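> okay, here's the prediction I keep looking at, along with the sequence it came from:
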Amino acid sequence: MEKNAKIYVAGHRGMVGSAIVRALEAQGYTNIITRTHAQLDLCEQAQVREFFATEKPEYVFLAAARVGGIVANNTHPADFMYDNMILEMNVIKAAFDNKVKKLLFLGSSCIYPRMAAQPMTEDCLLTGELEKTNEAYALAKISGLKYCEFLNKEYGTDYISCMPTNLYGPNDNYHPQYSHVLPALIRRFHEAKVNGDKETILWGTGKPLREFLYVDDLADACVFLMNNYSGNETVNVGTGKELSIYDLAMLVKKVVGYEGELIMDPTKPDGTPRKLLDVSKLTNLGWTYKTELEDGIKLAYEDFLSSEMRTERL
């Protein structure tokens with residue numbers, strides 16, 4: 001990407017989009033285009049068409065999405081599928097119609113089969129059944145990356161996709177019900193600390209294994225891929241390291257400074273038993289993560305304390 005190229009970041013107010021804007025600005029890109037949801041509703045095809053026809057961006061980072069944790073995905077599967085599928089199709093099609101040079105589509109590691117061999121390689125996509133608790137979101141993301149792949153094959157476009165592992169960091173969603181596990185733990189332990197609770201109950205057995213990536217590292221990887229990768233196959237983005245939910249909870253508990261007891265509730269759902277990405281493809285391209293988990297959690301907790309406990313939907 002040229003430093004003065006017109007770059008559109010869709011979803012710039014969310015955790016991922018805002019990190020991509022920070023990364024672009026830090027690397028000297030000077031012509032970044034953004035629109036708020038009030039200015040441009042990506043679910044409205046006519047608005048998206050008009051925006052692309054008027055602005056003519058040269059590069060697009062498609063980071064806009066409706067996201068949430070297990071409860072949100074289980075409660076609103078139809079909404080999650082429709083909103084994500086329609087907005088990504090609108091943006092990708094408008095990018096194609098307006099001859100965008102290159103587009104990066106942000107997916108999610110939930111696209112891979114529930115019982116995929118670990119660590120999960122890019123070619124395990126569509127080789128098994130999806131995790132039911134986030135099936136709707138996964139299907140929407142699979143549709144987006146496949147549409148990019150099919151446009152490349154049929155029309156010779158340069159649309160790429162990357163699949164990040166579990167993310168956390170500045171501008172995360174800390175809603176008590178609809179957030180992902182790490183920001184939910186930050187809020188839960190902070191409130192328990194403030195309230196002087198002697199114990200805190202968390203969902204599940206604590207046994208599932210998860211991988212976590214600081215969002216600014218993802219943003220750096222996205223810019224790297226736009227400049228260094230072209231291909232139909234998606235690229236995993238993660239750390240290649242995992243830990244149990246229980247160990248994660250104990251780490252967040254330590255960072256927050258909560259001294260009460262942690263109790264797991266095994267009657268609540270665990271979700272996928274293990275989700276670790278094989279990141280050898282990205283490593284071989286020349287990129288690796290920088291932020292270790294405890295350091296990242298400290299930064300995320302600082303963000304939480306200054307964010308008035310963000311509860312908006314990303």
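Received it, and whenever you're ready, just let me know what you need.

> helix or strand: which one has residue 135?
Secondary-structure element containing residue 135, defined by DSSP states H and E: helix 135-155.

> where do the strands sit along the stretch 1-150 of the chain?
Along the stretch 1-150 of the chain, the stretches classed as strands by DSSP state E, counting those that start in this stretch are 7-10, 32-33, 59-62, 102-106.

> and whichever strand or helix holds residue 248, what does it pack against?
Using DSSP H and E, residue 248 sits within helix 245-256. Judged by 3 or more Cβ pairs under 8 Å, 6 or more residues apart in numbering; DSSP states H and E, the packing partners of helix 245-256 are helix 181-195, strand 209-210, strand 261-265, helix 293-305. In short, each C-beta sits where N, CA and C put it, glycine included.

> and among these, the most buried is which?
Comparing these by mean neighbour count (mean count of other Cβ atoms under 10 Å), helix 181-195 ranks first with a mean of 20.

> can you list the residues that contact that one?
Residues outside helix 181-195 that contact it (Cβ atoms under 8 Å, 6 or more residues apart in numbering) are 69, 166, 168, 172-174, 176, 179, 197, 200, 202, 210, 212, 245, 248-249, 252-253, 256-260, 297, 300-301, 304-305, 309.

> filter the residues you listed down to the buried ones, PyMOL style.
Only the buried members of the contacts of helix 181-195 end up in this PyMOL selection, burial being decided by 16 or more other Cβ atoms under 10 Å:
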select buried, resi 69+166+168+172+173+174+179+200+202+210+212+245+248+249+252+253+256+258+297+300+301+304
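
> returning to that earlier point: report the rounded mean pLDDT for the helix holding residue 135.
Here helix 135-155 scores 94 as its mean pLDDT.

> what residues does it touch?
Residues contacting helix 135-155 (Cβ under 8 Å, 6+ apart): 62, 67, 73, 77-78, 80-81, 84-85, 88-89, 92, 96, 103, 105, 107-108, 110-111, 125-126, 130-131, 157-161, 163, 232, 234.

> filter these down to the buried ones.
Counted by 16+ other Cβ under 10 Å, these give 62, 67, 73, 77, 80-81, 84-85, 88-89, 92, 96, 103, 105, 107-108, 110-111, 125, 130-131, 157-161, 163, 234 as buried.
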